[in-house]
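Q: Here you go, sequence then predicted model.
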Amino acid sequence: MELLNGIAAISTTGLNPRKPSTGEPICERVDPSALFVDHEYQRAIGEKGHRQIRQIIERFCWTKYKPPICAYAEHGGKTILKVLDGQHTAIAAASNPHIDLIPVMIVDAPDTQTQAAAFVGQNTQRLGVTALHLHHSAVLAGFEDAVDVDRTCQRAGVKVLKNLPKSGKYQPGDTIAISAIRGLVARREPLGARIILEVLAKAHLAPITATHIKAAEYVMTDSEMSIKLDPDDLSKTIGDLYLSAEDEAKLMAKTHRTSEWKAFGSIWYRKTKKKRQVMRLVA
């Protein structure tokens, strides 16, 4: 005999259930080749994505099918359907000669901002969608925390990339360490984070890594070290030691059984010119 459980509500004590602010989704069958993707918040399909699409084409099965999430939008004076989530599935279906129409779920998201917000909501817990993609989509959606991070980076001269550079070559000030920057802004507020990131940007690091960010925060917020350093002098030291400090930091971290970022910070501090201390006259 099958052991079945019926769907039953759980207790909502202590919760504040949200009333939906939009209408419920509708389901339609559409031609997948008539769908569109907005690359303002959706990533482009890379080599890995193309492999995934080819696998879906070869293994297409309705029992494994998950309807793409779409939204109506205006484009060029026409009403179109944008894919908010599931572009790999849609492309695979459009490429499969045995598929004419596919079911899609259409949500109420009429503009780019709400569509980007929907994309973030659909993909926050999904593997394969990177923190970089979610960050840029959250900025476009106007999420306050993401906008704070974006403004902080812009003012500091730091560029958060949307994707890894295809050539593997970063430009000075580039970073993909969005999680480290989010943490920095949360701990130090936008102004404090900007000052720290600006030191790294002025050092022309390419790229600025999470290790660099932690090391700079360590040096610039330590009660003893920070008062002895000028930010411009620290930037110069970091830039001058860019190629040599990494090996030295790894060796120091291993020898002294400490973290690599703390070793980086110690090296930067030791080799940066110190402020002249004003001597107090004893009466």
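A: That came in fine, so what should we check first? Residues are numbered from 1 along each chain as shown.
Q: got the contact list for stretch 232-241?
A: For stretch 232-241, contacts defined as C-beta atoms under 8 Å, 6 or more residues apart in numbering pick out 199-200, 202-205, 212, 216, 219-220, 245, 267-268, 271-273. C-beta coordinates here come from the backbone N, C-alpha and C atoms, glycine included.
Q: where's the one residue sitting closest to the centre of the chain, which helix or strand?
A: Among the residues of the chain, the one closest to the centroid is residue 132, at 2.6 Å (C-alpha atoms, centre = their mean). Of the helices and strands defined by DSSP states H and E, residue 132 is found in helix 131-141.
Q: where does the protein have its least confident helix or strand?
A: The helix or strand of the chain with the lowest confidence, counting by mean pLDDT, DSSP states H and E, is helix 112-123 at a mean of 63.
Q: if we can go back for a sec, show me which of the contacts of stretch 232-241 is closest to residue 7.
A: residue 212 (49.7 Å; C-beta to C-beta).
Q: Show me what counts as buried in stretch 135-152.
A: Using 16 or more other C-beta atoms under 10 Å as the test for burial, stretch 135-152 gives 135-141, 143, 146, 148-150, 152.
Q: okay, these in TSV with pLDDT next?
A: Converted to TSV, those look like this (pLDDT from 0 to 100):
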residue	pLDDT
135	85
136	83
137	79
138	83
139	87
140	81
141	76
143	84
146	90
148	94
149	94
150	94
152	96
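Q: Now render those as a markdown table, adding distance to residue 78.
A: Listed next are the buried residues of stretch 135-152 as a markdown table, based on distance: C-beta to C-beta, whole Å:
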| residue | distance to residue 78 |
| --- | --- |
| 135 | 31 |
| 136 | 27 |
| 137 | 24 |
| 138 | 29 |
| 139 | 28 |
| 140 | 23 |
| 141 | 24 |
| 143 | 30 |
| 146 | 31 |
| 148 | 36 |
| 149 | 36 |
| 150 | 32 |
| 152 | 39 |
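Q: Among those residues, which one sits closest to residue 227?
A: Of all those, residue 227 sits closest to residue 152, with 23.6 Å by C-beta to C-beta.
Q: Got the phi and psi for that closest one?
A: When read as degrees, to the nearest 10, the backbone of residue 152 gives phi -60, psi -40.
Q: Surely it and residue 194 touch.
A: Yes. The pair residue 152 / residue 194 is scored as a contact, 4.9 Å apart, by C-beta atoms under 8 Å.
Q: Figure out the helix or strand that residue 269 lives in.
A: With DSSP H and E as criterion, residue 269 is part of helix 260-271.
Q: how far does that helix sit from the chain's center?
A: Taking C-alpha atoms, centre = their mean, to the nearest Å, the mean C-alpha location of helix 260-271 is offset from the chain mean by 27 Å.
Q: Please shift the residue numbers so they start at 51 in all later answers.
A: Let's use 51 as the start, then, which means that last one is helix 310-321.
Q: so for it, what's the average pLDDT?
A: Helix 310-321 shows a mean pLDDT of 92.
Q: Give me the ChimeraX select line for the contacts of stretch 282-291, limited to the buried ones.
A: The buried residues among the contacts of stretch 282-291 can be selected in ChimeraX (16+ other C-beta under 10 Å) with this line:
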select :249,250,252,253,255,262,266,269,270,295,317,318,322
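Q: just the helices in the protein please.
A: Taking DSSP state H as the criterion, the chain contains helices spanning 97-108, 137-145, 162-173, 181-191, 194-206, 228-252, 260-271, 281-290, 295-306, 310-321.
Q: Same list (these) but as JSON lines, adding distance to residue 76.
A: JSON lines is the format used below for the helices of the chain (distance: least, C-beta to C-beta, whole Å):
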{"stretch": "helix 97-108", "distance to residue 76": "24"}
{"stretch": "helix 137-145", "distance to residue 76": "17"}
{"stretch": "helix 162-173", "distance to residue 76": "15"}
{"stretch": "helix 181-191", "distance to residue 76": "22"}
{"stretch": "helix 194-206", "distance to residue 76": "29"}
{"stretch": "helix 228-252", "distance to residue 76": "35"}
{"stretch": "helix 260-271", "distance to residue 76": "43"}
{"stretch": "helix 281-290", "distance to residue 76": "55"}
{"stretch": "helix 295-306", "distance to residue 76": "55"}
{"stretch": "helix 310-321", "distance to residue 76": "50"}
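Q: Averaging pLDDT over each of the ones you listed, report the lowest-scoring one.
A: Across the helices of the chain, the lowest-scoring stretch is helix 162-173, with a mean of 63.
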